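>>> model this:
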Amino acid sequence: MPLRTFGLGEVRLLAVSADLRFLASAGQAGAYLWNTDGSRLRHRLTSAGPVSALAFSPDGGVLLTAHTTVILAWDTESGTLLKEFRGHGRGIARLQFAPDGMSFASAGEDNTARVWSWATGAEMHSFEIRGSPIGDVAIAPDGLRLVTVDTFLTNSVKIWDLRSDSLIRALPMTNQTAQRCAFSPAGDLLTVAADRQIVRWNAESGEILKKYEGIVGQTTMIHEIWFPNDFTLAATCNDGSVYLWNLEQSAPVKVVAGEANVFSSGVRGDFLVAVANLDSVIRIRQLPSGDTLREFVGHTTSTHAAVAFSPDGRFVLSGGTEAATRLWDRNTGGLVRTFTGSPAGTMAATFSTDGSRILTTVGLPNPGARLWKTETGEIERDFRWTGSWPSSAAISKDGTRVAAGAQDGRIRLFDAGTGALVRTMVGEGWMTRLAFSPTAPLLASGEGGLEYRAALYNYESGQRLHDFPLDAGPVTAVAFSPAGDLLMVGWQDGVIRLYNAVNLELRQEWVTKTGFLDAAAFSPDGRTVITGESFPNFVATLWDVRTGHVLRSFRDHYWVIGAVAFDPSGTRILTGAEVVREWSVADLAAQLRIDRFADHSLVHWSRGQLQHAATLAGPWMTLTNAVSPHREASDKPAGYYRVQVE
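Numbering: from 1, shown residues only. Below is the predicted model:
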């Protein structure tokens, strides 16, 4: 398990409790429960991973979250897990409680809708629609009927009798795929289709009572419909607009403008809407004025281009495909400050050697690299050019040079003190990665043109010294070992090569087994390498540089691991995926080793306390006075050793 996480990941779902006490947000990293009064994060419900559906109980005391095939029920006051509901064979698309809170319904991609007893946890009803996943469900106000929405291929809305488990009728949805359903307070059924038309039906007869029109825009999608009161219908859309209708009129009585969003959800029985905007901030808006009442800050991008520990170990830095690069408190996980660049984010985020400055990139219309002051967040210097998007950046160990790579195939070398352009080195295609040697005037690059390759430059002369071609996809990692004796190059197809940085001979080659390679970094002592891998398993892997053996794998990621880093002590690592995670490798950093001789063994380690056990299961006894190397006679009973570091 990670020691801590930084950021909350992307927000893809929202729900507000009917009593307005709680807001739930969810995405790839899990679910989060907020107090609406004060916008404070109350609970992190992240143990089960990505969330596909949310629902509050009518009294707000329970939050349901769907995780692939499992439904979890959480106590909203304490954040404790109350129950688990299992039965679906594939993903769960929607959840909804019955009005009395005694049962709830789930819509599944396994072509079934199920109704569950809250009291017993038992499955009460199951309805299968062959040939079509179910996209939405709704329980009637009287609790006697269930409505299901077939997304495809059958493309219909069906009403089921919960007393007899039989189909009452199917409503025709002949032209557009059905998407959403809901009951009005009076018991009429409303449906939403992809043509942005909302239809109100008599649930008893199947007769169309009213069609609600007026939503414009070919790319506009309806996120949710709800009823602010007994006489008003509301719909919230992906372009930020909210439409309000009098139930007896087809045309909207009010259209509230807004900004494009990832998801939005109305509050049943109230003129409020929760919106997750593209800036990752959640806002509760009052209707019909559109005023923002509260903001909830903490969600972050799920695509990280860079992560780093500060040289003094106090901070964690993360940046990626959103405007803000973030500085976090390493001990608390709290946000310290943001460095806001271009809307598309940064392709680099790194500290200077002394930690006083942070380097990022800035996109169009004024592309370049940028140095920030770590302690204040102020811009210290911009390094500009024209016309081509920045794709990588690095700062030299002595802090005097900044290198920036761009999509035009050029590496621009700047004087970090003055901002002046020193020289331009022309490569072959998009500059995907850059790394300075810590001991020589060498700069390594990853380049993608007609062929994918790494290259080595003398940045003092601008001379291109060597190419490292390989038909293994784009170059996703270049790095020098801390001693400067090794150059690591990684390709997306999973090949990692270590070269002698002096004579450029190949020293070592590994191939990742769990997914495409997206990032790699040396440990501070150069003994290990951490790699970040993506599809299909999203695993970070720790490698022994000398042997090429895998030392440990770090799982429980749910997105591309686009960035990895070690802390200065080599005992912690960062992985940047849907959130940034910090992991301990202190036991491996202790470098436990046993040398065996004819009449004795010597146990070596670099830190921590040596422990011994007769069996691997323990119990483990600390050898309080043992120092490395610790001598054990060969005639002693066999056993096991480990090092306790923390």
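>>> What is the neighbour count of Ala18?
If you count neighbours by other CB atoms under 10 Å, Ala18 ends up with 16. Quick note: C-beta positions are derived from backbone N, CA and C, even for glycine.
>>> Now do the contacts for it.
Residues in contact with Ala18 (CB atoms under 8 Å, 6 or more residues apart in numbering) are Phe56, Pro58, Asp59, Gly60, Val267, Arg268, Gly269.
>>> at 7 Å what do you get?
Phe56, Pro58, Gly60, Arg268, Gly269 (CB atoms under 7 Å, 6 or more residues apart in numbering).
>>> quick one, phi psi at the second one?
Translated: Pro58. Note on Pro58: backbone dihedrals following degrees, to the nearest 10 are phi -60, psi -30.
>>> before we move on, back to that, counting neighbours, which of the contacts of Ala18 comes out on top?
Phe56 (26 neighbours).
>>> Might one say that that one is in contact with Leu20?
No: here Phe56 lies out of contact with Leu20, judged by CB atoms under 7 Å, at a distance of 10.6 Å.
>>> on that earlier part again, turn the contacts of Ala18 into TSV, including pLDDT and secondary structure.
Converted to TSV, the contacts of Ala18 look like this (pLDDT from 0 to 100; DSSP: H, G, I helix; E, B strand; the rest coil):
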residue	pLDDT	secondary structure
Phe56	98	strand
Pro58	96	coil
Gly60	96	coil
Arg268	91	coil
Gly269	93	coil
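>>> Among these, which one sits closest to Ala260?
Nearest to Ala260 among the contacts of Ala18, counting by CB to CB, is Arg268 at 24.2 Å.
>>> That closest one and Phe97, how far apart?
Distance of Arg268 to Phe97, computed by CB to CB, to the nearest Å: 11 Å.
>>> Also Glu428?
59 Å.
>>> Specify which residue of these two has the higher count of neighbours.
Phe97 (21 against 18).
>>> pretty sure the more buried one contacts Ala55?
Yes: the criterion here is CB under 7 Å, and Phe97 meets it with Ala55 at 5.8 Å.
>>> For the closest residue to Ala613 other than its chain neighbours, give me phi and psi.
Residue nearest to Ala613 in three dimensions, not counting chain neighbours: Trp620, with 4.6 Å by CB to CB, 6 or more residues apart in numbering. Dihedral angles of Trp620 (phi, psi; degrees, to the nearest 10) stand at phi -100, psi 130.
>>> Pretty sure Trp620 sits against Gln611.
Yes: contact criterion CB under 7 Å: Trp620 and Gln611 qualify, at 4.5 Å.
>>> Now the common contact residues for the two.
Common contacts of Trp620 and Gln611 (CB under 7 Å, 6+ apart): Arg642.
>>> circling back: the residue nearest to Ala613: how many residues sit nearby?
Counted with other CB under 10 Å, Trp620 comes out at 15.
>>> what's the pLDDT at it?
Model confidence at Trp620, given as pLDDT, is 90.
>>> what do you get for Lys254?
Value listed for Lys254 in the pLDDT field: 96.
>>> Surely Gly377 touches Phe339?
Yes: in this structure Gly377 lies within contact range of Phe339 using CB under 7 Å: 6.0 Å.
>>> Would you mind telling me which of these two has more residues around it?
Phe339 (22 against 14).
>>> Double-check that the more buried one belongs to a strand.
Yes: using DSSP: H, G, I helix; E, B strand; the rest coil, the assignment for Phe339 is a strand.
>>> Tell me, how many residues neighbour the nearest residue to it once chain neighbours are set aside?
Take Phe339 and drop its neighbours on the chain: the residue closest to it by CB to CB, 6+ apart is Thr325, 4.4 Å away. Look at Thr325: counted by other CB under 10 Å, it has 26 neighbours.
>>> same question, Ala501
For Ala501, the neighbour count with other CB under 10 Å is 22.
>>> residue contacts, Ala308?
Contact analysis of Ala308 by CB under 7 Å, 6+ apart lists Leu317, Ala349, Thr350, Phe351, Ala565.
>>> what's near enough to touch the closest residue to the second one other than its chain neighbours?
It stands for Ala349. Nearest non-adjacent residue to Ala349, counting by CB to CB, 6+ apart: Gly319, 3.3 Å away. Going by CB under 7 Å, 6+ apart, Gly319 touches Ala305, Ala306, Thr325, Gly345, Thr346, Ala349, Thr360.
>>> do the same with Leu498
Here Leu498 is in contact with Leu486, Met488, Arg507, Gln508, Val545 (criterion: CB under 7 Å, 6+ apart).
>>> where's it, which helix or strand?
strand 495-500 (DSSP states H and E).
>>> Please apply the same query to Asp587.
Counting by DSSP H and E, Asp587 is part of helix 586-589.
>>> picking up where we left off before, same list (the contacts of Ala308) but as TSV, adding pLDDT, neighbour count and secondary structure.
What follows is the contacts of Ala308, written out as TSV (pLDDT from 0 to 100; neighbours: other CB atoms under 10 Å; DSSP: H, G, I helix; E, B strand; the rest coil):
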residue	pLDDT	neighbour count	secondary structure
Leu317	97	27	strand
Ala349	96	28	strand
Thr350	97	17	strand
Phe351	98	20	strand
Ala565	98	25	strand
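>>> just the residues you listed now: which is nearest Thr531?
Once CB to CB is applied, the member of the contacts of Ala308 that ends up nearest Thr531 is Ala565, at 11.9 Å.
>>> Was I right to think the closest one contacts Ser310?
No: between Ala565 and Ser310 there is no contact under CB under 7 Å: 10.7 Å.
>>> ok, the residue most central in space within the chain - contacts?
Nearest to the geometric centre of the chain sits Glu578, at 1.3 Å (CA atoms, centre = their mean). Under the criterion of CB under 7 Å, 6+ apart, the neighbours of Glu578 are Gly9, Glu10, Gln28, Ala29, Ser302, Tyr558, Trp559.
>>> From the residues you listed, which shows the smallest pLDDT?
Where pLDDT dips furthest among the contacts of Glu578: Ser302, at 70.
>>> Now do the SS call for it.
coil.
>>> how many other residues sit next to it?
25.
>>> what do you get for the one 5 residues further on?
As a burial measure, Val307 scores 30 neighbours (other CB under 10 Å).
>>> what's the helix or strand for it?
With DSSP H and E as criterion, Val307 is part of strand 304-309.
>>> Pairing partners for that strand, with directions?
strand 315-320 (antiparallel) (DSSP bridges).
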